[in-house]
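Undergrad: here is a sequence together with a model predicted from it:
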Amino acid sequence: MLKERVSQQFNDSIQTTITAADSLVEPIALAGERLSEAILAHQKVLICGNGRSYADAQRFGAALVHRYRASRPSFPAIMLGANTVTMSAIADEGAYDDIFSRQLKALGQEGDILLVITTNAQAKCLLDTIEAAKQRDMIVIALIGGDDSSVLAPLVEPTDIEICVPSLDSFRIQEVHVLILHCLCDLIDTQLFSTEG
């Protein structure tokens, strides 16, 4: 019984990944291109994620600043919410929804990229951050899932990129998000340094 459950978890994850690959290759490649262009133009990548996706956002930020596979120069990436004192101060005043957007307003500039990672795009803290990014003429790349595209539709523009995992299971969505982030790291390194895995 337990072994069957484990096997089912693997099978479900594999099937979600296969389904995602059929529809997401193009937007992932475009996102990798946009990120590389921004880095070459000396723009910043600002990253945020809510819930469990916060950890994925941190790992992606670390890969940009430090490295993915090969040693290379650091890329300008800022993890919104990484300063816990700032987050606590904002939340303490009853403004939890502003924990990311307030920092973006201080740090984001035209031409920068906001990368949002979430399995729940309805979170107001993320919607407010996307809106703040658009007010600064930033490009938004959103890693989402399920039917979250309809939630973001009023905020995103043709220059923005939605990468929506075709699943309603938040755990399967997050698993594919990790793979997508690895793809983005690989695309950036390949375009900027012609690295081979």
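TA: Thanks, I have the structure now.
Undergrad: and Arg136, how many residues sit next to it?
TA: 15 (other Cβ atoms under 10 Å). The way it works is simple: take the backbone N, C-alpha and C, and place the C-beta from them, glycine included.
Undergrad: buried sites along the longest helix seen in the chain?
TA: Assignment by DSSP state H gives helix 2-40 as the longest helix of the chain. Residues of helix 2-40 classed as buried by neighbour count (16 or more other Cβ atoms under 10 Å): 13, 16-17, 20, 24, 27-28, 31-32, 34-36, 38-39.
Undergrad: likewise for stretch 145-163?
TA: Residues 145-146, 148, 151-152, 155-156, 160-163 are the ones in stretch 145-163 that count as buried (16+ other Cβ under 10 Å).
Undergrad: what does the next helix-or-strand element following the longest helix of the chain rub up against?
TA: Where DSSP states H and E defines the elements, the next helix or strand beyond helix 2-40 is strand 45-49. With contact meaning Cβ atoms under 8 Å, 6 or more residues apart in numbering, strand 45-49 is reached by 35, 38-39, 54-58, 60-61, 64, 75-81, 100, 104, 107-108, 112-118, 126, 129, 133, 138.
Undergrad: now, of these, which are buried?
TA: 35, 38-39, 54, 56-58, 60-61, 64, 75, 77-81, 100, 104, 108, 112-118, 126, 129, 133, 138.
Undergrad: restricted to strands, list those.
TA: Within the buried ones among the contacts of strand 45-49, residues falling in strands by DSSP state E are 77-79, 113-117.
Undergrad: could you export these as JSON lines, including distance to Val176?
TA: Output for these, formatted as JSON lines (distance: Cβ to Cβ, whole Å):
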{"residue": "Ala77", "distance to Val176": "21"}
{"residue": "Ile78", "distance to Val176": "25"}
{"residue": "Met79", "distance to Val176": "21"}
{"residue": "Ile113", "distance to Val176": "20"}
{"residue": "Leu114", "distance to Val176": "20"}
{"residue": "Leu115", "distance to Val176": "15"}
{"residue": "Val116", "distance to Val176": "15"}
{"residue": "Ile117", "distance to Val176": "11"}
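Undergrad: in a markdown table: these, plus pLDDT and distance to Arg5.
TA: Output for these, formatted as a markdown table (pLDDT from 0 to 100; distance: Cβ to Cβ, whole Å):
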| residue | pLDDT | distance to Arg5 |
| --- | --- | --- |
| Ala77 | 96 | 38 |
| Ile78 | 96 | 40 |
| Met79 | 95 | 35 |
| Ile113 | 98 | 40 |
| Leu114 | 98 | 38 |
| Leu115 | 98 | 34 |
| Val116 | 97 | 32 |
| Ile117 | 96 | 28 |
